[in-house]
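# next one to model:
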Amino acid sequence: MKKISKLIAVASFAVATMFASSTVKAQSMTPTNAWRFGIGVEGGIPTGRAHDFSKAMLGGTARLQYGVANNVALTLTSGYYNMFGKDAVKFAGDNNDIKYKSMGIVPVKAGIKAYAGGGFYVSGEVGAGFETSVFGAYKGMDTDQYDKSTKLILAPGIGYSWSNVDFGVRYENFSGSHSGNYGMVAARLAYGFKL
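Got it, this is the predicted structure:
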């Protein structure tokens, strides 16, 4: 819990610093035929089955954005998410320390952002998530006989853009066979620039 609190404090400080150090200028629209590129830091809380194995997610993403109208942009996002493994529940009389392994996911998502004015936007993304480790594995477990899964990603969100900064919050759902369905509530803080 201390790690999550520190992560939230650092993210809050970063947002406050960006507000204070730059002239806050809302981006109420995205120019037509304009390209932008952004690098973001992701933080989140796993939900569903993932919450059984992990307490927190941290990642990084790169996003390419193209304006198709003054208030609509298409996006392409990829990067890496790491869901940190947590301690497993011990059974009565079991003296072994069991800790779940961290789980990695590489997302590849296409999306749309629609600006509602004043820098606020709603977004939606769809894509694939490629697991880089076995879901729910614990340290010492032989995972050779288990498959890593590819998940369908659906992610609705909201956000706010100003100057070169973008802050968004979303729910990201991962569904598919093998390890079942799970999700996360996540926030992204990104710095972007025109191409």
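
# which residues touch the closest residue to Pro156 other than its chain neighbours?
Distances taken as Cβ to Cβ, 6 or more residues apart in numbering put Gly124 closest to Pro156, at 5.3 Å, once the chain neighbours are dropped. Backbone N, C-alpha and C define where each C-beta goes, glycine included. Contacts for Gly124 (Cβ atoms under 8 Å, 6 or more residues apart in numbering) come out as Gly111, Ile112, Ala155, Pro156, Gly157.

# among those, which lie within strands?
With DSSP state E as the criterion, strands contain Gly111, Ile112, Ala155, Pro156, Gly157 from among these.

# now Ala88. Nearest residue, chain neighbours left out?
That would be Ile98: by Cβ to Cβ, 6+ apart, it lies 3.9 Å from Ala88.

# wait, the one you found sits on Lys86?
No - Ile98 is not in contact with Lys86 according to Cβ atoms under 8 Å; the separation is 10.3 Å.

# you'd agree His51 is in a helix?
Yes - judged by DSSP: H, G, I helix; E, B strand; the rest coil, His51 forms part of a helix.

# shaky segments in this protein?
Along the chain, the model assigns pLDDT under 70 to residues 1-29, 89-97, 142-146, 178-179.

# one more time with 50
Residue ranges of the chain with pLDDT under 50: 1, 5, 7, 9, 15-28.

# quick check: closest non-adjacent residue to Thr75.
Nearest non-adjacent residue to Thr75, counting by Cβ to Cβ, 6+ apart: Gly111, 4.3 Å away.

# with Val106 instead?
Nearest residue to Val106 in three dimensions, chain neighbours excluded: Phe130, at 4.5 Å (Cβ to Cβ, 6+ apart).

# check Glu42 too.
Glu42 sits nearest to Gly59 (Cβ to Cβ, 6+ apart), 4.0 Å away.

# for the one you found, give me its contacts.
Contact partners of Gly59, counting by Cβ under 8 Å, 6+ apart, are Val41, Glu42, Gly43, Gly79, Tyr80, Tyr81, Asn82.

# can you list those residues in JSON lines and add distance to Glu172?
Output for the contacts of Gly59, formatted as JSON lines (distance: Cβ to Cβ, whole Å):
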{"residue": "Val41", "distance to Glu172": "15"}
{"residue": "Glu42", "distance to Glu172": "10"}
{"residue": "Gly43", "distance to Glu172": "12"}
{"residue": "Gly79", "distance to Glu172": "12"}
{"residue": "Tyr80", "distance to Glu172": "14"}
{"residue": "Tyr81", "distance to Glu172": "9"}
{"residue": "Asn82", "distance to Glu172": "14"}
